[in-house]
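[1] predicted model, plus sequence, below.
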Amino acid sequence: MSLIEPRTLKGFRDYLPSAMVPREHLIDTARKVYKSYGFLPIDTPALEYEEILTGKGGDESDKQLYRFEDSGGRKVALRFDLTVPLARFVAQHSHELGLPFKRYHIATVWRGENTQRGRYREFMQCDFDTIGSESIACDVETALVIHDLLQAIGFDDFKIHVNNRRLLTGLLERLDLEGRSGAVLRALDKLPKIGPEKVAEEMATSAGVSAAQAREILTLASVSGTNDAMLAQLEPLVASSERGRDGLGKLATLLGSARAAGVSDKRLQLDVSIARGLDYYTGTVFETFLGALPTIGSVCSGGRYDDLASLYTKERLPGIGASLGLDRLLAAMEELKLLPEKPAVAPVFLPYFTESRLTDYFKLAARLRQSGLGVEFYPEAKKLGNQLKYADRRGFRFALVVGDSEWEAGRGQVKDLKTGSSASVPLETNGAVSAELLAALTASH
RNA sequence: GUGGCCAUAGCUCAGUCGGUUAGAGCACGAGAUUGUGGUUCUCGGGGUCGCGGGUUCGAGUCCCGUUGGCCACCCCA
């Protein structure tokens, strides 16, 4: 009989413990940061009616959608991001939620696009959004969450690029290019990659922008310097547009408030050229780059949208949020060797030494766990050397060696696997785990 | 979706001009005086040379297709 070749689909991955441990750690960190700002968890189905998911996002996301007919003949699709399901969710439940509604959502999404380093067809997003408020306070808070998140993950060298789309839409309005903002923005997004001339070319072909118009747009986009200097330079450029002035004012407030909250200008940078691909952003936009690995792209992106759920409800639901690119971030951390080689395990390793004492080992391990210590008991009474080798490879900190003589003496040998030293301590006092044992097993260096 | 490069052991790779039983390091398993790991030494298991077809007396090696990976474009986390 021929065997079935074990394999996974292109762009879909298995996660071994060495990959899963840092992954869970990252998710825990994100959860902790989101909660510290009052965001609440939600979840939605992986599968939605196709019409829910195809309504927005344009041709490009439609192409990348995994869709099929279920056995009941319904047209369904796998969610492509967490924002569209959020829109549906809020439209459906807004009366029970209360506004403003702050949620986070950590879940898998699927895109049938070509794979690349850090880019898969199944990947996880960690979104947080604030729905139902247009206050600039939410924009500030979004920046702070991104900042805290990256810092909590352990990055020191990163930069959040921030912009406001109203700057540009204000200018486009004045240039009578209002309807073509999407194409202009996409071209502008490539500025750092292909340079101003190519961008002007692309704007001419894709949006019919004249050379003079392109010059104005590029002048706006090429403003540089410190945040304060840029704000000053931008002022005259947008002065004639109310929308532009509003965008600039919001940026100034955002930068000032973030600074007051302790975010240094090194980490939050006004960048007029970032625009974000998706058309639904209307105000503040964010992209976050790692100083050590800018080529991997943005690891946390988001922005403000003023009509999140208009496809599903007549209620007006403005919002702002961002998404942490978990897989991209993990790929970056792996490349930068920020991930531990040995996954963390239970702190205490208990070798199975005296075969006839099985129940005693279980009793000892159970007591230690009740005292709050993680304990792994080796399942086979193999040679001690082999068991210690196993413990060493897994990265255990302590081995509690208890053999014939130890059982008889009522004492255990606590071996520090890092230093190789060991100490003999009593196993119990008055029928409970002895204080000496607990102390020896929780000692840290 | 378009284009380029690549595919040999679990991993990283060597394999001459097309020639005989396809190699190394790491990893894994066993052992080196009875109950002490990380270093060392010995031995061992593990390969449809991604898959399918073709050329040839003969293909890991050349050709075509296919699948997968990487990279660029597109798009995006």
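    That came through, no problem. Numbering: from 1, shown residues only, chains lettered A, B, ... in the order given.
[2] would you mind listing what in the stretch 301-445 of chain A touches RNA strand B?
    Within the stretch 301-445 of chain A, the positions lying close to RNA strand B (C-beta under 7 Å from any atom of the strand) are A:301, A:323, A:325, A:327-328, A:353, A:382-386, A:388-393, A:401, A:403-406, A:413, A:415-420, A:422. The C-beta positions use only the backbone N, C-alpha and C, and glycine is treated the same way.
[3] under the pLDDT cut-off, which ranges of the stretch 151-300 of chain A? List them.
    A:276-279 (pLDDT under 70).
[4] quick one: the strands in it?
    Per DSSP state E, counting those that start in this stretch, the stretch 151-300 of chain A carries strands over the ranges A:158-164, A:268-270, A:284-290, A:300-305.
[5] now the second one, how far from the centre of its chain.
    When you say that, I think you mean strand A:268-270. Distance of strand A:268-270 from the chain centroid (C-alpha atoms, centre = their mean, to the nearest Å) equals 20 Å.
[6] also stretch A:363-383?
    35 Å.
[7] show me what the most centrally placed residue in chain A is bridged to.
    Taking C-alpha atoms, centre = their mean, the centroid of chain A lies closest to A:Leu324, which sits 2.8 Å from it. Bridge pairing for A:Leu324 (DSSP bridges) gives the partners A:Cys126, A:Cys300.
[8] coming back round to it: which of the residues of the stretch 301-445 of chain A next to RNA strand B are buried?
    A:301, A:323, A:325, A:327-328, A:353, A:388, A:390-391, A:401, A:406, A:413, A:415-417, A:422 (16 or more other C-beta atoms under 10 Å).
[9] for the one residue in the stretch 1-150 of chain A that gets nearest to RNA strand B, give me its contacts.
    Closest residue of the stretch 1-150 of chain A to RNA strand B, C-beta to the nearest atom of the strand: A:Arg117 (2.8 Å). Neighbour list for A:Arg117: A:296, A:331 [criterion: C-beta atoms under 8 Å, 6 or more residues apart in numbering].
[10] what number of residues lie near A:Thr108?
    A:Thr108 has 13 neighbours, counted by other C-beta atoms under 10 Å.
[11] just the residues contacting the helix or strand where it lies, thanks.
    Using DSSP states H and E, A:Thr108 falls within strand A:101-110. Contact partners of strand A:101-110, identified using C-beta under 8 Å, 6+ apart, comprise A:27, A:30-31, A:34-35, A:37-44, A:46, A:66, A:78-82, A:85-86, A:90, A:94, A:121-132, A:326.
[12] may I see the PyMOL selection of the buried members of those?
    What follows is the PyMOL syntax for the buried subset of these, where burial is set by 16+ other C-beta under 10 Å:
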select buried, chain A and resi 30+34+39+42+44+66+78+79+80+81+82+85+86+90+94+121+122+123+124+125+126+127+128+129+130+131+132+326
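[13] which of the contacts of strand A:101-110 fall within helices?
    A:27, A:30-31, A:34-35, A:85-86, A:90, A:94, A:326 (DSSP state H).
[14] do a quick rundown of the helices in the stretch 251-400 of chain A.
    For the stretch 251-400 of chain A, applying DSSP state H, counting those that start in this stretch gives helices covering A:326-335, A:358-370, A:384-394.
[15] verify the contact between A:Glu51 and A:Arg74 for me.
    No: assessed by C-beta atoms under 8 Å, A:Glu51 is found out of contact with A:Arg74, at 10.3 Å.
[16] about what we covered before: columns distance to A:Thr253 and pLDDT on top of the ones in helices among the contacts of strand A:101-110, output as JSON lines?
    Below are these laid out as JSON lines (distance: C-beta to C-beta, whole Å; pLDDT from 0 to 100):
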{"residue": "A:Ile27", "distance to A:Thr253": "32", "pLDDT": "93"}
{"residue": "A:Ala30", "distance to A:Thr253": "26", "pLDDT": "94"}
{"residue": "A:Arg31", "distance to A:Thr253": "29", "pLDDT": "96"}
{"residue": "A:Tyr34", "distance to A:Thr253": "23", "pLDDT": "96"}
{"residue": "A:Lys35", "distance to A:Thr253": "26", "pLDDT": "96"}
{"residue": "A:Pro85", "distance to A:Thr253": "31", "pLDDT": "93"}
{"residue": "A:Leu86", "distance to A:Thr253": "26", "pLDDT": "93"}
{"residue": "A:Val90", "distance to A:Thr253": "26", "pLDDT": "92"}
{"residue": "A:Ser94", "distance to A:Thr253": "28", "pLDDT": "85"}
{"residue": "A:Leu326", "distance to A:Thr253": "30", "pLDDT": "88"}
